[in-house]
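>>> just a sequence and a predicted model for now, questions to come.
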Amino acid sequence: MTLLSPPSVVARPHVQAAPLAPVARLLPALAAVYRAQLARARVARIPLMFVASFQSIGILVMMRGVVDPGDNPSARAVVAGSSVLVVAFVALNLLAQYFGRLRATGGLDHYATLPVPAASVVLGAAGAFASFTLPGSLVTAGIGAWLFGLSWAHLWVLLAVVPLAGAALSGLGAACGLLAPKQEIATMLGQLGMSAALLLGVLPPGHLPTAVQWLRDALPSTYGVEAFARTFAARPDWAAVCADLAVCAGVGVLSLTLATWAYRRATTR
């Protein structure tokens, strides 16, 4: 018995689909996304740097009234924590809001159609946002060292602290924005993360309860703060500085990996 197709069905010749463009390699794609994000963020660069630096300098002035100046652990913690707070404001808070807005408005669909690896999108956006934090961190550290009578000799360590702490916090910020079910929740998570970086990073750890110190140890930026704070000593323990930076780098790899997975999840649902 032969089965015939319904009369309404018209046979069509087989058409071969055009091959998709090959996926770009990671580094060229990362550079392209980074330049594109940097060009977009350049318009808001001056307000971004001003706000991030102004709040940290204000915290320095406020803490100057309750912390004794001079080469002591509390003064070092305040200056180091305020300097890294500039990174937290941009990399954690603003990046969470950015990805949350992209997800809510359908902007992720644009990136999903591009033949670029998911890691390049996350790393490119994170790098563009974090690029604006280094000048603010240097200015904050310089003013803090002046206010608290600390040495300026090792401010160059921020050249390592800012990218490593920025990577760790950018990964968390991007993951919060991509995993949050609503844009408002992504904004809230970014604000809470920045508040944690403020309270746990700027306040001297010796004055905190034990349970809060445990939370401080779980915050990725803490290790960047500790590494920078150690350099204000008369004879810095460079082995400990390198160990803190290594931990910060390891957490950065994990957090960016989490953000990449969150990006794939958000673009395939």
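Thanks, I have it.
>>> how about the helices in the stretch 151-269 of the chain?
Remark: helices assigned in the stretch 151-269 of the chain by DSSP state H, counting those that start in this stretch are 158-179, 183-202, 210-218, 221-230, 238-268.
>>> and stretch 55-70, how far from the chain's centre?
25 Å (CA atoms, centre = their mean, to the nearest Å).
>>> rewinding a little: of the helices of the stretch 151-269 of the chain, which is nearest L38?
helix 158-179 (14.1 Å; CB to CB). Backbone N, C-alpha and C define where each C-beta goes, glycine included.
>>> could you give the mean pLDDT of that closest one?
When pLDDT is averaged over helix 158-179, the result is 89.
>>> got the CA positions of that helix in PDB?
Output of helix 158-179 as PDB, limited to C-alpha atoms (Å, rounded to 0.1, in the frame of the first residue of the first chain):
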ATOM      1  CA  LEU A 158      48.400  48.900  42.600                       C
ATOM      2  CA  LEU A 159      49.400  48.000  39.000                       C
ATOM      3  CA  ALA A 160      49.100  44.400  40.100                       C
ATOM      4  CA  VAL A 161      46.400  44.700  42.700                       C
ATOM      5  CA  VAL A 162      43.800  46.600  40.500                       C
ATOM      6  CA  PRO A 163      43.700  44.100  37.600                       C
ATOM      7  CA  LEU A 164      43.700  41.000  39.900                       C
ATOM      8  CA  ALA A 165      41.100  42.300  42.300                       C
ATOM      9  CA  GLY A 166      39.200  43.700  39.300                       C
ATOM     10  CA  ALA A 167      39.100  40.300  37.700                       C
ATOM     11  CA  ALA A 168      37.800  38.600  40.800                       C
ATOM     12  CA  LEU A 169      35.100  41.300  41.400                       C
ATOM     13  CA  SER A 170      34.200  41.600  37.700                       C
ATOM     14  CA  GLY A 171      33.500  37.900  37.500                       C
ATOM     15  CA  LEU A 172      31.200  38.100  40.500                       C
ATOM     16  CA  GLY A 173      29.500  41.200  39.200                       C
ATOM     17  CA  ALA A 174      28.900  39.700  35.800                       C
ATOM     18  CA  ALA A 175      27.500  36.500  37.300                       C
ATOM     19  CA  CYS A 176      25.100  38.400  39.500                       C
ATOM     20  CA  GLY A 177      23.800  40.300  36.500                       C
ATOM     21  CA  LEU A 178      23.500  37.200  34.300                       C
ATOM     22  CA  LEU A 179      21.900  34.900  37.000                       C
END
